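1. Predicted model, plus sequence, below.
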Amino acid sequence: MIRFSRYFLTAALLGAVIAFAAEPTVPDKSQEAKYREVAQQIKLFGDIYKSVSARYVDEIAPTDFIKAGIDGMLGTLDPYTVFIEPDETSQLDEITQGKYGGVGIEIGLRGKNRELTVISPIEDTPAARKGLRAGDVIIAVEGKSTAGFTTQDATKLIRGPEGTSVTLTIRRLGVEEPLDYTLERQEIRIHDVNFAGMVTKDVALIKLAHFSSLAGSELDSALAEVLKYEPKGLILDLRSNPGGLLPSAISVAQEFLNTGDPIVSTKGRSPGSDHLFQAGGKPRVPDLPLVVLVNGGSASASEIVSGAIQDLDRGVIVGTQSFGKGLVQSVMNLSDGAVLKMTTARYYTPSGRLIQRDRPKQGELALETEDGELDPETGEIIRRETTPQDTVREKFATRAGRDVFGGGGITPDIIVEQPILGMVEIEMFRRDLFFGFVSNWLATHARPDTVEVTPAMLKAFDHYMDSAKFQPPVPGNDALTALRKIGEKDSMNAAFFAQLEDLKKSLAATVSTNTSEVRDFIKQSLDRELASALGGRDWRIRSTFDEDVQLQKAIEVLRDRNSYSALLTVATPKTKGKPN
């Protein structure tokens, strides 16, 4: 007799839960028909299991077999609906506990091929220090291909005990060959507010990195601190913030909105999944001029906040298109401590816009492009998808009647692109040259009181690059290597190889570490690492202000009150989708 494991029973229960979670409690003919269909499919599943278990050429492991069935079933849904085994449920406590053992990256599935992608590296972690950037596609972990991986699959391999190492192989925009990063795991602590202070004498900045359970209280404390300086304007930086808890998004948004203002609504199939969340309590800054910064790494809760601010004309959004993740997950406890994290609803902004971005289905023709931009604080590259140009996006209106568009993500009121790194700069980050040099410099020189990258430091950095045998990547070098192998195989004459060498030298002459752009980049990067070493996160962030074009644009907007007001008003208000 074949004995069914608890995993088979779990799979059957999961099927029933998914089929009936949204059904009314009073049976009707259509529901009875679905019951019969589900019963037939569960029987079919059991018949297949019994047949394979009894007659397959090799003996199967029931646990792995059923787990594969569960993953396959959920794999037909969205990437955020996952089955979590009992020994993995500690990951759900991560937001409340605020720490875990890992390398410090937020990951997700991106692009038409649903590839495992870095959404955002976390500050002051191995990933950020080594130069991983938002938009890097992780193609292998410890040599194992990530093709078909869920985020849960990747997390199991990437996280682990402190002090151990893991190697990630990534593909990067603008780089021909895959890059290997070996990272030592450490305890990763989650801090929601990474910076709160004045960027000029009259403009304050608060950088919110996550939306954990403490985000609202941390932001409130940060606001209380910066308001002591009586700023004339405030910048809320949500760039590369991957989101978090819905209640935290509401707590953050209502600091800027009037009581009763709509923040976000959710809509789903099951009873009780439709909600309208409104601002409550007394806002700390309901009137202070506000700019919110977003980019391709701003997702979920970041989009709830920025969407509400935009739809209610409370502030100006500056940066680049946000990620477009608007799915609500609910957690269902199963037997033996297992958990099903399932998408149960979608997020909508106050004007009625859907936050979730539609991706082209398999085989569907759509224009999809990916751009890169440099985050000046971490040096990361943000890769983002753009809405197909031939797609007609539904028009909505803000409270004042300004046009905004649905179709996923938040489009800024003012789009400002960050600079894109070149191949030389990318290779410098990958080789960890700046962090290594500053560490060595401070170990062999008197510790300075101020952050100043001197000519002596720049000269010493050149020697450091030589000692590290740093060679700028040469475009086309891989193709030349392949031609050389072909020439050797076909016994080509000396003239052929001489031509290859001449071509190699010509290509090498096109790249250099002595161009003005690269020298400026080196000085900025050394300044950032030196600031971090001397003053921690606060100094590191401050060191990026002058080169951050998005931040500078935000300051400009806040200082020009006429322009600021004009951006938030229109001559003839519209009514479609107007918030209450």
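-> Everything's here; your move.

2. how's this structure carved up into domains?
-> 6-76, 99-189, 193-328+346-418+559-567, 423-549 (automatic domain parsing).

3. closest one to Val82 among these?
-> Closest approach to Val82 among the domains of the chain is made by domain 99-189 (5.0 Å; Cβ to Cβ). For the C-beta atoms, the positions are set from N, CA and C on the backbone; glycine is no exception.

4. What's the end-to-end length of the closest one?
-> 4 Å (Cα to Cα, to the nearest Å).

5. now stretch 319-327
-> End-to-end for stretch 319-327, by Cα to Cα: 23 Å.

6. Let me see the mean pLDDT of it.
-> Here stretch 319-327 scores 92 as its mean pLDDT.

7. ok, back up a step: would you mind giving the domains of the chain as CSV with distance to Val82 added?
-> Shown next, in CSV, are these (distance: least, Cβ to Cβ, whole Å):
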stretch, distance to Val82
domain 6-76, 6
domain 99-189, 5
domain 193-328+346-418+559-567, 12
domain 423-549, 31
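
8. which of those domains sits most buried?
-> domain 193-328+346-418+559-567 (a mean of 20; mean count of other Cβ atoms under 10 Å).

9. Endpoint to endpoint, it covers what distance?
-> Using Cα to Cα, one end of domain 193-328+346-418+559-567 lies 28 Å from the other.

10. roughly how far is it from the heart of the chain?
-> Averaging C-alpha positions (Cα atoms, centre = their mean, to the nearest Å) puts domain 193-328+346-418+559-567 14 Å from its chain's average.

11. So, low pLDDT: which residues of the stretch 451-580 of the chain?
-> 475-478, 480, 502, 505-511, 571-580 (pLDDT under 70).

12. returning to what we had before: show me the one of the domains of the chain that comes nearest Asp336.
-> domain 6-76 (6.3 Å).

13. Okay, now the unreliable bits of the stretch 51-200 of the chain?
-> 88-98, 110-112, 120, 134, 173-174.

14. All the helices of the stretch 151-300 of the chain, in order from the start?
-> 151-158, 215-226, 246-253 (DSSP state H, counting those that start in this stretch).

15. And the first one, what does it pack against?
-> Spelled out, that is helix 151-158. The contact analysis (3 or more Cβ pairs under 8 Å, 6 or more residues apart in numbering; DSSP states H and E) places helix 151-158 against strand 82-84, strand 105-110, strand 137-141, strand 165-171.

16. can I have it written out in CSV, keeping just the CAs?
-> Provided in CSV are the C-alpha atoms of helix 151-158 (Å, rounded to 0.1, in the frame of the first residue of the first chain):
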residue,chain,number,x,y,z
THR,A,151,13.1,34.6,-5.2
GLN,A,152,12.7,31.9,-2.5
ASP,A,153,15.0,29.6,-4.3
ALA,A,154,17.7,32.3,-4.6
THR,A,155,17.3,33.4,-1.0
LYS,A,156,18.0,29.9,0.3
LEU,A,157,21.3,29.8,-1.5
ILE,A,158,22.4,33.4,-1.0
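
17. What segments of the stretch 401-550 of the chain are helices?
-> 423-430, 433-444, 455-467, 477-489, 494-508, 516-542, 549-559.

18. a markdown table for those helices, including distance to Ile309?
-> Supplementary listing: those in a markdown table, determined by distance: least, Cβ to Cβ, whole Å:
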| stretch | distance to Ile309 |
| --- | --- |
| helix 423-430 | 33 |
| helix 433-444 | 35 |
| helix 455-467 | 42 |
| helix 477-489 | 46 |
| helix 494-508 | 48 |
| helix 516-542 | 22 |
| helix 549-559 | 13 |
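
19. Minimum distance to Met73: which of the ones you listed has it?
-> Nearest of the helices of the stretch 401-550 of the chain (Cβ to Cβ): helix 423-430, 39.0 Å.

20. just to revisit the earlier point, mind putting the helices of the stretch 151-300 of the chain in CSV, distance to Leu442 included?
-> Below are the helices of the stretch 151-300 of the chain laid out as CSV (distance: least, Cβ to Cβ, whole Å):
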stretch, distance to Leu442
helix 151-158, 30
helix 215-226, 30
helix 246-253, 37
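
21. Return the member of those helices having the minimum mean pLDDT.
-> Minimum mean pLDDT among those: helix 151-158, a mean of 88.

22. now that one, how far from the centre of its chain.
-> 16 Å.

23. now the angle from it to strand 105-110?
-> Put simply, helix 151-158 runs at 140 degrees to strand 105-110, going by axes from the mean of the first three to the mean of the last three Cα atoms, to 10 degrees.

24. Which of the helices of the stretch 151-300 of the chain sits closest to Val474?
-> Smallest distance to Val474 across the helices of the stretch 151-300 of the chain (Cβ to Cβ): 31.5 Å, for helix 151-158.

25. Mind listing residues that contact that closest one?
-> Contacts with helix 151-158, where a contact means Cβ atoms under 8 Å, 6 or more residues apart in numbering, come from 79, 82, 84, 88, 91, 102-103, 105, 107-109, 116, 138, 141-142, 144, 146, 166, 168.

26. which other helices and strands contact the one helix or strand Tyr347 maps to?
-> Following DSSP states H and E, one finds Tyr347 within strand 339-348. Under the contact criterion of 3+ Cβ pairs under 8 Å, 6+ apart, strand 339-348 touches helix 6-20, strand 82-84, strand 262-267, strand 327-333.

27. If you average pLDDT over each of those, which is lowest?
-> Among those, helix 6-20 scores lowest, with a mean of 36.
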